[in-house]
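Asks: Everything below, folded, please.
(one chain, ligands or ions: 3)
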Amino acid sequence: MPTAFSPVLRATRLIQIGIYKTCAYAGTMRVALLQINTTVGDLEGNASLIRKAVESLDADLAVTPEMALVGYPPRDLLLMPGFVKNAWDVLTRLALDLEDSPPMLVGIPEPNRSETGRPLFNSAALLADGSVKQIFRKTLLPTYDVFDEDRYFEPASGPQMLNLKGRTFGISICEDIWNDRDIFRRRRYHRDPLEDLRGADCFINMSASPFTAGKHLKREMMLSSIARKYGVPLIYVNQVGGNDDLVFDGRSCAFSPSGELIARAAAFEEDVLIVDIDSCSGSVSRDDFSPESEIWRALVLGTRDYVRKCGFRSAVIGLSGGVDSSLTAAIAAEALGPENVIGVLMPSPYTSRESMEDALELARNLSIQTITIPISEIMAAYERTLEPIFRGVEKDVTEENIQARIRGNLLMALSNKFGHIVLSTGNKSELAVGYCTIYGDMSGGFAVLSDVPKTMVYRMARWINMRGPVIPQSVLEKAPSAELRPGQRDQDTLPPYETLDEILHRHIEQRQSEEEIVSAGFDQKMVRYVLKMVKTAEFKRKQAPPGIKVTDRAFGSGWRMPIAYMM
Ligand SMILES: Nc1ncnc2c1ncn2[C@@H]1O[C@H](COP(=O)(O)OP(=O)(O)OC[C@H]2O[C@@H]([n+]3cccc(C(=O)O)c3)[C@H](O)[C@@H]2O)[C@@H](O)[C@H]1O
Ligand SMILES: Nc1ncnc2c1ncn2[C@@H]1O[C@H](COP(=O)(O)OP(=O)(O)OP(=O)(O)O)[C@@H](O)[C@H]1O
Ligand SMILES: NC(=O)CC[C@H](N)C(=O)O
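Replies: Ligands and ions are numbered 1, 2, ... in the order given. Here you go, the predicted structure:
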């Protein structure tokens, strides 16, 4: 006889993978949420993470995030049949290794054996007693913004129920739960897989849900509403860590049938959360990250994982004494350890003494080492070399860009020689309007701030200083300048950053046209000028290094504008 299912949860937070509290509640059903940081393509490494997470785990069922064996998003690795086959070989061995462990749901791509449709399903395999016992498939395939799942996957066709120890679990995979009319006021898809799961004793969702600022509040509101609507406990397992341009914030969680948040795993860290489905209740308070602290954590994790997963250990950054390079260096020092960050000062004849002093003070505050490479002689050599060709032509932005390119070249030389990755420092506002030099300050391997608007750069810099002096006060007070010619200020070329960022936010994230932005009260000439710069700078962004998505629309896989077009 199945035990009566009392719809209340109890959860135990595990501080770190491998360390957990053992507390047996007789007759309860215990689910372990494995919030792991997988690396795309690293099948053996990801299998080891899973093995380690369930080592001597006292649970009835363990659940990984979506696609955990291959890492998310695996992108076109999925188009290589050999890769998918290897994943299944690793899964088979994992099942055998875990023969004595609790049953486990593991996310994996599954070949579509039928003669029609996309080549794969986005699936989860139930491992129990040494083999694969059942398969669950994703129904709703996100194909918008950074997601491209229609390219690879065929949707599931039926209900996805798991019967275990007399309980019925409704299994869904990530996007399957993002179709709630009550929350979004419209349905994105015609089908609603949750309707197929009605009648289950508990819902489980296996996710790889990328971070954007504030998104988890909406996510938890949606999960709570679904638990309440279907009157079942809901268990949500999310991936954590950075993969290319995406950061996954974790925050796996469990809700009671009345929609109460019972437990939440750590944000931006690996964690294992144990949920006892029929014990007494608990409750968790609101996640009170400020936007600055949340974005900080995402940028630190995203930078650390990009650098580490690409095989680097250290980074070089050009330090100008400005706010962008200062914030980038602070993030890098936190992500990689100050001993692994090298700040490079490259003064030109236009560099002020104050800027050099600010850069040195920042480096001292962060305990990072610095190298100083004056570039005046190199600039003079360029000038001499080009003089016969440029003779009679006015100096202009060409010479400014040469300066930025000399710096980019020197940083890349340090990267080649010593194996440091170059972190570029440009922010989203500059990248949007092309206020940056291609092959100059845009050089580098990873663009840490490329989705952070300039006004948020300042907010974050001030926020960091609340924890202790890091970014010199004068950096925050002086007018932003590229210092590429005497007396240059960003504001000579661009609207004030508050105005620019508001226009850019409306255009990029909210997809507003010139008319819509103007009707919100902005000057038409200014809006037209800004939007024209955004369009013209597309060629630069196509050649820019990847960066970390923190807003609802970043320049990256979710921004696919043409370059040569007329409108
Ligand atoms: N559609 C297209 N497809 C392919 N290539 C295209 C292109 N349009 C121009 N180009 C190429 O790009 C070149 C122009 O781009 P680029 O060489 O970058 O130069 P450009 O955009 O003209 O100038 C760089 C601007 O960024 C400012 N800046 C530079 C460095 C740092 C900062 C800062 O505050 O951080 C600001 C600087 O003051 C200047 O206003 C053209 O000469 C042409 O070669
Ligand atoms: N004197 C310098 N020494 C070292 N690096 C420099 C120097 N000047 C510029 N850079 C590099 O080029 C990037 C672009 O800087 P620039 O001063 O032109 O404009 P910015 O966008 O205001 O950046 P920041 O706020 O860091 O100054 C800097 O972030 C830095 O990495
Ligand atoms: N992997 C997915 O299906 C993710 C899609 C989902 N809407 C999210 O952002 O969480």
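
Asks: Can you give me the pLDDT of L494?
Replies: L494 is assigned a pLDDT of 91 by the prediction.

Asks: residues from this protein in reach of ligand 3?
Replies: Along the chain, the residues adjacent to ligand 3 under the rule C-beta under 6 Å from any ligand atom are 66, 142, 147, 174-175, 178, 207-210. Quick note: C-beta positions are derived from backbone N, CA and C, even for glycine.

Asks: can you do 5 Å?
Replies: Counting by C-beta under 5 Å from any ligand atom, the chain comes close to ligand 3 at 142, 174-175, 178, 208-209.

Asks: Could you confirm whether the lengthiest helix in the chain reaches ligand 1?
Replies: Identified as the longest helix of the chain according to DSSP state H is helix 397-418. Yes - using C-beta under 5 Å from any ligand atom, we find that helix 397-418 touches ligand 1 at 397, 401, 404.

Asks: Of the residues you listed, which is the most crowded?
Replies: Tallying neighbours with other C-beta atoms under 10 Å puts A404 at the head of these, with 21 neighbours.

Asks: got the contact list for it?
Replies: 437, 440-441, 482, 484 (C-beta atoms under 8 Å, 6 or more residues apart in numbering).

Asks: now it, nearest residue through space, not along the chain?
Replies: Closest residue to A404 apart from its sequence neighbours, by C-beta to C-beta, 6 or more residues apart in numbering: G440 at 3.0 Å.

Asks: phi, psi of the residue sitting furthest away from the middle of the chain?
Replies: Farthest-out residue of the chain from its mean C-alpha position, per C-alpha atoms, centre = their mean: G392, at 49.7 Å. Main-chain dihedrals, G392, degrees, to the nearest 10: phi 80, psi 0.

Asks: Could you check how far it is from T385?
Replies: 16 Å (C-beta to C-beta, to the nearest Å).

Asks: repeat for N465
Replies: 43 Å.

Asks: more neighbours, these two?
Replies: Each of N465 and T385 has its neighbours counted (other C-beta under 10 Å); N465 has more, 17 against 10.

Asks: mind checking the SS state of the residue nearest the centre of the chain?
Replies: The centroid of the chain falls nearest to V247 when counting by C-alpha atoms, centre = their mean (1.9 Å). When classified by DSSP: H, G, I helix; E, B strand; the rest coil, V247 comes out as strand.

Asks: dump the residue contacts of it.
Replies: 210-211, 241, 268, 298-299, 301-302, 305, 548-550.

Asks: Now the stretch 351-500 of the chain against ligand 3: closest residue?
Replies: D451 (15.6 Å; C-beta to the nearest ligand atom).

Asks: Measure how buried the nearest residue in space to that residue that is not next to it in sequence is and give me the count.
Replies: Ranked by C-beta to C-beta, 6+ apart and with sequence neighbours excluded, the top spatial neighbour of D451 is A554, at 4.0 Å. Neighbour count of A554, defined by other C-beta under 10 Å: 26.

Asks: these two touch, right, A554 and D245?
Replies: Yes - if you go by C-beta atoms under 8 Å, A554 and D245 touch, sitting 6.8 Å apart.

Asks: Residues contacting the one helix or strand I235 maps to, please?
Replies: Using DSSP states H and E, I235 sits in strand 234-238. Residues from elsewhere that reach strand 234-238 (C-beta under 8 Å, 6+ apart): 31, 33-35, 63-65, 202-209, 223, 226-227, 248-255, 275.

Asks: Phi and psi next, for R467.
Replies: phi -90, psi 0.

Asks: Ignore what I typed, I meant A128.
Replies: Dihedral angles (degrees, to the nearest 10) for A128: phi -160, psi 140.

Asks: in the stretch 301-450 of the chain, which spans are helices?
Replies: Assignment of helices within the stretch 301-450 of the chain using DSSP state H, counting those that start in this stretch yields the ranges 323-336, 353-366, 376-390, 397-418, 428-433.

Asks: Where helices are concerned, which of the contacts of strand 234-238 count?
Replies: Using DSSP H, those in helices are 223, 226-227.

Asks: Among these, which one lies nearest to ligand 2?
Replies: L223 (39.4 Å).

Asks: Provide a list of residues in contact with that closest one.
Replies: By C-beta under 8 Å, 6+ apart, the residues touching L223 are 177, 205, 234, 236, 253, 255.

Asks: And the residue of the stretch 201-350 of the chain found nearest ligand 2, how close does it get to Y458?
Replies: Residue of the stretch 201-350 of the chain nearest ligand 2, by C-beta to the nearest ligand atom: G322 (1.8 Å). Taking C-beta to C-beta as the measure, G322 falls 11 Å from Y458.

Asks: Alongside ligand 1, which residues does the stretch 301-450 of the chain contribute?
Replies: By the rule C-beta under 5 Å from any ligand atom, the part of the stretch 301-450 of the chain lying against ligand 1 is 397, 401, 404, 435, 437-438, 441.

Asks: how is the chain carved up into domains?
Replies: When the chain is parsed with automatic domain parsing, its domains come out as 7-284, 293-494+537-541.

Asks: By mean pLDDT, show me the worst of those domains.
Replies: Among the domains of the chain, domain 7-284 scores lowest, with a mean of 91.

Asks: now that domain, how far from the centre of its chain.
Replies: For domain 7-284, the separation from the chain centroid amounts to 18 Å (computed by C-alpha atoms, centre = their mean, to the nearest Å).

Asks: How about the residues of the stretch 351-500 of the chain by ligand 2?
Replies: Residues of the stretch 351-500 of the chain found near ligand 2 (C-beta under 5 Å from any ligand atom) are 351, 425, 441, 480, 482.

Asks: number of nearby residues for the second one?
Replies: Spelled out, it's T425. 27.

Asks: With the first one instead?
Replies: As a burial measure, the neighbour count of T351 was computed by other C-beta under 10 Å and equals 20.

Asks: Name the nearest residue to it, ignoring sequence neighbours.
Replies: E483 is the one closest to T351 (C-beta to C-beta, 6+ apart), at 5.7 Å.
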